[in-house]
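Visitor: Take this sequence and fold it.
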Amino acid sequence: GTYSLSLPAVTNFVDCGMTLYDGSSFSAPLVTSIANTVYKNLSVTGTVTLNLPATSITNLTINSSSNTNLSLPALTSYTWNLSQPVNLMQTYGSGSVLSLPNLTSITMNTGVNGQSSISATFGGLLDMPALTTITTEASTDQVQLSANGASTSINAPLLATYDPAAVTFSEANGGTVTHQ
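Guide: Purely as a prediction, here's the structure:
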């Protein structure tokens with residue numbers, strides 16, 4: 001079925017995740033931040049209407065799949081500071097797009113050994129045209145940007161500030177990762 005939820009007066013989410021399926025709509029037009037103290041996920045599948053103008057997100061993984069066009073145009077900063085490496089952002093499946101057009105910085109501070117990932121697979125596109133910086137604060141933090149599959153890409157053409165010992169890039173089976 002089709003589901004709709006509107007939260008017109010809510011300004012911030014704390015310890016909140018959500019899953020949206022084809023035909024759903026969600027609106028929280030005053031939300032400026034999502035600040036989780038525990039692992040939460042935003043997962044979107046299919047055609048979904050999402051009005052979520054958050055400029056900062058903390059500890060929320062973001063996933064789009066199955067011909068989903070998920071856009072978070074207000075997002076400028078993303079932080080992961082839980083002691084758990086995860087797939088931070090992922091888009092998978094032909095025609096799936098995760099668009100973060102104004103995201104400029106990603107900050108990692110897990111304090112544990114392990115690699116987190118930002119990935120596109122099986123024809124997905126992860127578009128971060130304004131991303132300039134990935135900061136890994138703990139000496140053990142690692143992040144891999146990975147594109148795997150034909151017509152699969154991660155677009156981060158301005159990404160130039162990162163620790164090459166902590167941030168790696170992987171292209172497989174025709175996937176591409178664009179960065180400086």
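Visitor: for the chain, which spans come out with low pLDDT?
Guide: 1 (pLDDT under 70).
Visitor: So which bits of the longest strand seen in it are buried?
Guide: Of all segments of type strand in the chain, defined using DSSP state E, the longest is strand 33-45. Applying a neighbour-count criterion of 16 or more other Cβ atoms under 10 Å, one finds Ile34, Ala35, Asn36, Lys40, Leu42, Ser43, Val44, Thr45 buried in strand 33-45. For glycine as for every other residue, the C-beta is placed from the backbone atoms N, C-alpha and C.
Visitor: JSON lines for these, including distance to Ser65?
Guide: Output for the buried residues of strand 33-45, formatted as JSON lines (distance: Cβ to Cβ, whole Å):
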{"residue": "Ile34", "distance to Ser65": "20"}
{"residue": "Ala35", "distance to Ser65": "25"}
{"residue": "Asn36", "distance to Ser65": "21"}
{"residue": "Lys40", "distance to Ser65": "18"}
{"residue": "Leu42", "distance to Ser65": "12"}
{"residue": "Ser43", "distance to Ser65": "8"}
{"residue": "Val44", "distance to Ser65": "8"}
{"residue": "Thr45", "distance to Ser65": "5"}
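Visitor: Ala165: neighbour count?
Guide: Ala165 has 9 neighbouring residues, counting by other Cβ atoms under 10 Å.
Visitor: for it, phi and psi?
Guide: phi -80, psi -20 (degrees, to the nearest 10).
Visitor: May I have the beta-bridge partners of the nearest residue to Ala172 once chain neighbours are set aside?
Guide: In space, and not counting its chain neighbours, Ala172 is closest to Asn148: 4.4 Å by Cβ to Cβ, 6 or more residues apart in numbering. In this structure, Asn148 bridges to Thr121, Ala172 when assessed by DSSP bridges.
Visitor: any idea how far Asn148 lies from Ser117?
Guide: Using Cβ to Cβ, to the nearest Å, we find Asn148 at a distance of 11 Å from Ser117.
Visitor: same check, this time on Val31
Guide: Counting by Cβ to Cβ, the gap from Val31 to Ser117 is 26 Å.
Visitor: quick one: terminal-to-terminal distance for stretch 68-77?
Guide: Distance across stretch 68-77, first residue to last, is 22 Å (Cα to Cα, to the nearest Å).
Visitor: what do you get for stretch 48-61?
Guide: 18 Å.
Visitor: What are the buried residues along it?
Guide: Those would be Val48, Leu50, Leu52, Ala54, Ser56, Ile57, Thr58, Asn59, Leu60, Thr61, for stretch 48-61 by 16+ other Cβ under 10 Å.
Visitor: Ser66: how many residues sit nearby?
Guide: 15.
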